[in-house]
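Novice: Give the three-dimensional model of this entry:
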Amino acid sequence: MNIPKDHLLRDTEVATLIGVTRKTLENWRHSGNGPEFLKLGHKVVRYHPETLEIWLAKRKRTSTMNRRVR
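Specialist: Predicted coordinates for the structure are as follows:
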């Protein structure tokens, strides 16, 4: 992503970048499954580009197999 490191992303921007809906991001925030976010006010949520990149990198896979590590 070519986003300035000091730019905080809105949920609409993140949703567009990763191809999901705003509602999906909201569900992920509630369940704790999405990227880390900043809560700046009652209804103000922002995402830091570096945090988003790290979250995406952790989801890279080379197979669709579900492997469990014991």
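Novice: Low-confidence regions, this protein specifically.
Specialist: 1-2, 66-70 (pLDDT under 70).
Novice: try 80 this time
Specialist: Judged against pLDDT under 80, the low-scoring parts of the chain cover residues 1-6, 66-70.
Novice: Report the contact partners of the spatially most central residue of the chain.
Specialist: Closest to where the C-alpha atoms of the chain average out (Cα atoms, centre = their mean) is residue 35, at 3.3 Å. Contacts for residue 35 were tallied using Cβ atoms under 8 Å, 6 or more residues apart in numbering; they are 14, 28, 47, 51-52, 55-56. (Each C-beta comes from the backbone N, C-alpha and C, glycine too.)
Novice: run the last query once more with 7 Å
Specialist: 47, 51-52, 55 (Cβ atoms under 7 Å, 6 or more residues apart in numbering).
Novice: Now that we have those residues, can you turn them into TSV and tack on neighbour count and distance to residue 7?
Specialist: Listed next are these as TSV, based on neighbours: other Cβ atoms under 10 Å; distance: Cβ to Cβ, whole Å:
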residue	neighbour count	distance to residue 7
47	22	10
51	14	12
52	21	11
55	17	17
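Novice: and which of those residues is nearest to residue 62?
Specialist: Using Cβ to Cβ, residue 55 is the member of these that lies nearest residue 62, at 18.2 Å.
Novice: pretty sure the closest one belongs to a helix, no?
Specialist: Yes - with DSSP: H, G, I helix; E, B strand; the rest coil as the criterion, residue 55 is located in a helix.
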